[in-house]
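Engineer: Give the three-dimensional model of this entry:
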Amino acid sequence: MSQPTLQEFLDRVQASIGEATFVRLNLGIPVDRDGIRNVFVRPVVLKEGFMLSFLYRYPTRDLTRNFPPEEALEILRELLGRQFLNGFLSATNGTAQLTFRKGQTTRLVLGKAEVTTPPNLSHDRVKKRSVAPTSHWLREIGVTTADGAVKAGMEAKFRQIHRFIEVLQPLLAETGFPANAPVQVVDMGCGKAYLTFALHQHLQSTRTGLVTVTGVEARAELVTECRATAERCGLGGLTFQAGDIASCTLPEGGVLMALHACDTATDEALAKGVLSKAALMVVAPCCHQEVRSQLTASPVLSEPLRHGIFRERQAEFATDAFRAALLEWAGYATRVFEFISTEHTGKNLMISAVKSKRPKDPEFAAKAVRDLADFYGIRRQRLAERLGFSLESELPTIPPPLD
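Structural biologist: Residues are numbered from 1 along each chain as shown. Reported below is the predicted structural model:
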């Protein structure tokens with residue numbers, strides 16, 4: 001390692017602090033890919049005085065710690081070259097990038113300033129929220145207090161609400177709904193309707209067309225409670241009805257939500273969405289019993305699948321991969337992704353399906369579904385049954401019409 005180059009970089013950091021030109025410092029390219037991914041440093045003023053705030057970004061969480069400048073510089077000395085191979089300093093009078101290469105040689109590149117205005121030293125920055133913390137319905141359903149503070153124990157739910165809207169925004173844009181077009185949403189199995197209320201507020205605030213959101217829930221007491229909350233908050237266009245996935249009807253070309261519908265209930269919801277030509281479907285599957293009992297994968301997997309945890313995870317993967325493939329066959333563009341961090345819930349996988357303007361070739365897509373079925377020994381699957389898809393027939397299977 002070239003200590004003079006590292007020292008030169010740290011001297012520039014120290015000088016920018018002393019001259020009040022320091023804007024930010026980012027550390028990247030981690031040596032350990034499973035450890036801290038990035039470190040972001042910014043100046044703040046606290047009761048204790050001027051500090052450097054370090055945001056440590058881990059794969060599943062963030063950690064913030066504040067240090068006085070002298071201690072911060074020593075921490076940077078330990079991190080650069082050992083845990084991170086890149087450091088980037090941005091100051092109002094220029095930039096400096098330190099890169100460590102093979103053989104522990106370093107390279108320092110200076111550049112023009114990206115930002116010429118002094119940084120905001122406020123510790124409590126105002127965060128841009130997709131749902132305002134002061135929203136009346138958040139208080140009514142017990143997430144926040146009267147002044148908009150999140151109640152103890154509701155922090156994870158509050159983050160989940162915002163994450164859900166962040167996920168839905170680009171998906172809604174993909175549907176191509178004009179801002180003045182009517183949108184109808186059905187949330188199957190809405191429960192206490194945290195996300196139902198959130199989506200209703202988001203649509204009402206971002207669209208000019210008529211917005212109708214319906215929450216469907218089997219537990220009558222929750223339906224009564226949600227109706228009362230909507231009425232107290234004056235939320236027009238938001239209704240709740242007693243029922244289940246099997247009994248509810250979907251408007252043609254609408255939006256379907258089904259979060260944590262158990263086992264084949266997710267398949268029932270997706271089938272209803274496809275057959276009603278839903279423009280967008282968003283589901284978060286829960287339980288995968290139907291496929292788990294059928295798993296007879298290739299011999300190389302037979303020994304590992306003796307272990308219950310492996311069999312459970314393989315069943316989850318096989319079921320949801322199968323669902324995504326069937327939706328592609330039915331003419332939808334699908335995505336499968338992590339909804340929220342596993343530290344909040346293990347049931348964090350989400351499948352989205354947007355009606356595609358350029359669907360895959362049905363014959364090619366059908367083969368992909370059957371190949372999965374053959375590999376895992378799947379001989380029955382609820383979504384395939386509901387869509388009339390034969391797992392064994394080699395004859396062309398005709399997908400449900402999308403037009």
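Engineer: Contacts only, for residue 337.
Structural biologist: Counting by C-beta atoms under 8 Å, 6 or more residues apart in numbering, residue 337 makes contact with 349, 350, 352. Where C-beta positions appear, they are placed from N, C-alpha and C, glycine not excepted.
Engineer: Which residues does it form beta bridges with?
Structural biologist: Here residue 337 shows beta-bridge partners residue 350, assigned using DSSP bridges.
Engineer: what sits against residue 119?
Structural biologist: 22, 23, 24, 42, 43, 92.
Engineer: can you list those residues in a markdown table and add neighbour count, secondary structure and distance to residue 117?
Structural biologist: Converted to a markdown table, the contacts of residue 119 look like this (neighbours: other C-beta atoms under 10 Å; DSSP: H, G, I helix; E, B strand; the rest coil; distance: C-beta to C-beta, whole Å):
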| residue | neighbour count | secondary structure | distance to residue 117 |
| --- | --- | --- | --- |
| 22 | 25 | strand | 13 |
| 23 | 21 | strand | 9 |
| 24 | 15 | strand | 13 |
| 42 | 20 | strand | 14 |
| 43 | 21 | strand | 13 |
| 92 | 17 | coil | 7 |
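Engineer: what two of those are the furthest from one another?
Structural biologist: Between any two of those, the greatest separation by C-beta to C-beta is 13.4 Å, found for 42 and 92.
Engineer: Find the residues that touch each one of these two.
Structural biologist: Common neighbours of residue 42 and residue 92 (C-beta under 8 Å, 6+ apart) are 23, 119.
Engineer: how close does the residue most central in space within the chain sit to residue 161?
Structural biologist: The centre of the chain sits closest to residue 339, judged by C-alpha atoms, centre = their mean, with a distance of 3.5 Å. Here residue 339 is placed at a distance of 12 Å from residue 161 (C-beta to C-beta, to the nearest Å).
Engineer: what does residue 311 give?
Structural biologist: With C-beta to C-beta as the criterion, residue 311 and residue 161 are 34 Å apart.
Engineer: same thing with residue 335?
Structural biologist: 20 Å.
Engineer: In terms of packing, which of those two has more residues around it?
Structural biologist: residue 161 (23 against 14; other C-beta atoms under 10 Å).
Engineer: can you give me the strands in the stretch 251-400 of the chain?
Structural biologist: Counting by DSSP state E, counting those that start in this stretch, the stretch 251-400 of the chain has strands at residues 255-262, 280-286, 332-338, 349-355.
Engineer: now the second one and strand 349-355, what's the angle there?
Structural biologist: Spelled out, it's strand 280-286. Put simply, strand 280-286 runs at 160 degrees to strand 349-355, going by axes from the mean of the first three to the mean of the last three C-alpha atoms, to 10 degrees.
Engineer: Tabulate the CA atom coordinates of strand 280-286 in PDB.
Structural biologist: C-alpha atoms of strand 280-286 as PDB (Å, rounded to 0.1, in the frame of the first residue of the first chain):
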ATOM      1  CA  LEU A 280     -51.700  -5.200 -12.800                       C
ATOM      2  CA  MET A 281     -51.500  -8.000 -10.200                       C
ATOM      3  CA  VAL A 282     -49.400  -7.800  -7.100                       C
ATOM      4  CA  VAL A 283     -49.200 -10.800  -4.800                       C
ATOM      5  CA  ALA A 284     -47.100 -11.800  -1.800                       C
ATOM      6  CA  PRO A 285     -47.400 -15.600  -1.500                       C
ATOM      7  CA  CYS A 286     -47.600 -17.400   1.800                       C
END
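Engineer: who does it pair up with?
Structural biologist: Within its sheet, and counting by DSSP bridges, strand 280-286 is paired with strand 255-262 (parallel), strand 349-355 (antiparallel).
Engineer: Which among these is found nearest to residue 61?
Structural biologist: Closest to residue 61 of the strands paired with strand 280-286 is strand 349-355 (C-beta to C-beta; 18.6 Å).
Engineer: Show me the one of the strands of the stretch 251-400 of the chain that comes nearest residue 204.
Structural biologist: Closest approach to residue 204 among the strands of the stretch 251-400 of the chain (C-beta to C-beta): strand 255-262, 14.1 Å.
Engineer: List of residues touching that closest one?
Structural biologist: Strand 255-262 is contacted from outside by 172, 175, 183-190, 195-196, 199, 245, 250, 265-266, 268-270, 272-273, 276, 278-287, 347, using C-beta under 8 Å, 6+ apart.
Engineer: cool, stretch 163-175 as well?
Structural biologist: Here stretch 163-175 has contacts from 130-131, 195, 198-199, 202, 255, 279-280, 282, 333, 339-340, 350, 352, 354-355, using C-beta under 8 Å, 6+ apart.
Engineer: from the residues you listed, which would you call buried?
Structural biologist: The neighbour count (16 or more other C-beta atoms under 10 Å) marks 130-131, 195, 198-199, 202, 255, 279-280, 282, 333, 339-340, 350, 352, 354-355 as buried among the contacts of stretch 163-175.
Engineer: mean confidence score for the helix or strand residue 224 falls within?
Structural biologist: Following DSSP states H and E, one finds residue 224 within helix 220-232. For helix 220-232, mean pLDDT rounds to 96.
Engineer: Who are the packing partners of that helix?
Structural biologist: The helices and strands touching helix 220-232, judged by 3 or more C-beta pairs under 8 Å, 6 or more residues apart in numbering; DSSP states H and E, are helix 136-140, helix 194-206, strand 211-217, strand 238-242.
Engineer: one more time with 6 Å
Structural biologist: Judged by 3 or more C-beta pairs under 6 Å, 6 or more residues apart in numbering; DSSP states H and E, helix 220-232 is in contact with strand 238-242.
Engineer: and the strands paired with strand 280-286 as TSV, adding distance to residue 97 and mean pLDDT?
Structural biologist: Shown next, in TSV, are those (distance: least, C-beta to C-beta, whole Å; pLDDT from 0 to 100):
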stretch	distance to residue 97	mean pLDDT
strand 255-262	44	90
strand 349-355	37	93
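Engineer: Looking at those, spot the one closest to residue 80.
Structural biologist: Closest approach to residue 80 among the strands paired with strand 280-286 (C-beta to C-beta): strand 349-355, 36.8 Å.
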